[in-house]
Each structure stands twice: as C-alpha cells, then as structure tokens.
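>>> give me the fold of what follows.
(2 chains)
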Amino acid sequence: KNEVEQSPQNLTAQEGEFITINCSYSVGISALHWLQQHPGGGIVSLFMLSSGKKKHGRLIATINIQEKHSSLHITASHPRDSAVYICAVGHMDSNYQLIWGAGTKLIIKP
Amino acid sequence: DGGITQSPKYLFRKEGQNVTLSCEQNLNHDAMYWYRQDPGQGLRLIYYSQIVNDFQKGDIAEGYSVSREKKESFPLTVTSAQKNPTAFYLCASSEGSYNSPLHFGNGTRLTVT
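Sure thing, here's the model as predicted:
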C-alpha cells in the first residue's frame, strides 16, 4: 500500500462544478503540499499546510491531522483548471524528502 | 523574475552515452532537488542538496551523478549505467527543508534509444 493515496485518479466535470480531490497518508508528517502540473509538465506549488485550512482564490485546501487526510477543493471550476493535482507529504523523520502521491488528473469541460 | 531554468526541454541520446541536464536557479535557495517522473507514477527523488558542495542520494540515485559547486547550479548527469533513462526530469528548489514551498523548473524530457 502506498504511503500517500490520492482519489480519484481521474475526474471529469463540467465548467462551474465544485471539485474535491482527496489525499490520505499513513505516516507522521510535518507538512502537506498540494501542487498542480499542467500538460506541458511544469509544476506549481499551490499550498503547503500542517493544520486547518488555507484559501487562495477559488482553491481551498484542508487537512485533518488526526484522520491523516487532506482535501483540495476548487469552486466554480473552469477549463483552465484542467491539470494533474499532486499531493505530497513531508515525513517527520526526514527534513528533505517528500512522499508523493500519484496525482489526480482533472478535466473540466466547457 | 526569479525562477528555475532547466535546459534543454527535449533531449535525445543514444544508449551508452552520458548526458548532463542543466538546472539553474536565481531564487537564492539553499536546497535543490532532482526528481524523475514516469507515466502514471509519483515523482521519485534522485538526489538533493542542502548546501553548496554537499549532496545526498535520494530513492533512485543509481546510474545518476550530481554536483553542487555553486549555489545557483545543480546539474544532473545520467550515466550509461542507468538502465531505464528515458523519463521526464524535474529540478526543484526550496529555501530550506520540505517545510517551505517547492519551486520547479519546466522539466527536461530525455529520450534514450
């Protein structure tokens, strides 16, 4: 079993829909990252969080440390949100190594 | 604007040849990383460096080598000993440990035939 599991693997939705992507992990962590990878390959960091909730524009990230679970929400989704969303966790025992999820491929249709 | 530059974007090599991928950053970050991405898989860490003249192996270092002679530069050499070198390679940097955001380059797609 992978230490970081994302669901769903693939998600297709209509423009305007509310999107939720989930990330569960099985190790003790100090931080959780959400990142976005566009079709060209470049990766952008969206959020880094260790507790609670963060919001940036239409994106919201939450984390529940006790349940070892995080969610990334997109409100009023738009075709430009189409990308792969990746969850990664910083293991408590390592300062520089992240454990990566396999990613969720999101397609928003106009 | 500050950022990370990887070059080239696409690279083709014959089997048995060593090839060096470039990564330069002007963010003044101490830590730099090399990741490999294969289709349908999560990123895997090849090497990382916390400071100039020091670097550590990641999970899949065999067949790769790096150097960190300058803070700004962290080149990766894919040697002929790497059995499956065809992949997408991403370079990243951060201010310190993983408790700071990662900044990525646009990647180099290496094809070895």
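>>> which regions of the chain sit below the pLDDT cut-off?
All of this is about chain A. A:1, A:95 (pLDDT under 70).
>>> wait, chain B
By pLDDT under 70, the low-scoring segments of chain B are B:1.
>>> please redo it, this time with the cut-off set to 90
Scanning chain B for pLDDT under 90 picks out the ranges B:1-2, B:7, B:16, B:39-42, B:80-83, B:95-101.
>>> what does it have sitting close to chain A?
B:31, B:33, B:40-45, B:48, B:50, B:56, B:58-59, B:88, B:90, B:92, B:97-107, B:109 (Cβ under 8 Å from any Cβ of the partner chain). All C-beta atoms are positioned from the backbone trio N, CA, C, and that covers glycine.
>>> ok, now with 6 Å
When proximity is defined by Cβ under 6 Å from any Cβ of the partner chain, chain B lies next to chain A at B:42-43, B:45, B:48, B:97-99, B:101-102, B:104, B:106-107.
>>> can you flag the buried ones in those?
Among the residues of chain B next to chain A, those classed as buried by 16 or more other Cβ atoms under 10 Å in any protein chain shown are B:42-43, B:45, B:48, B:97-98, B:101-102, B:104, B:106-107.
>>> those residues in strands, which ones?
B:45, B:48, B:104 (DSSP state E).
>>> now do the contacts for the last one.
Contact partners of B:Phe104, counting by Cβ atoms under 6 Å, 6 or more residues apart in numbering or on different chains, are A:43, B:90, B:92.
>>> let's have the residues you listed in TSV, adding secondary structure.
Listed next are the contacts of B:Phe104 as TSV, based on DSSP: H, G, I helix; E, B strand; the rest coil:
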residue	secondary structure
A:Ile43	strand
B:Leu90	strand
B:Ala92	strand
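>>> mind listing the strands for chain A?
A:4-7, A:10-14, A:19-25, A:29-37, A:43-49, A:52-56, A:59-64, A:69-74, A:83-91, A:98-100, A:104-109.
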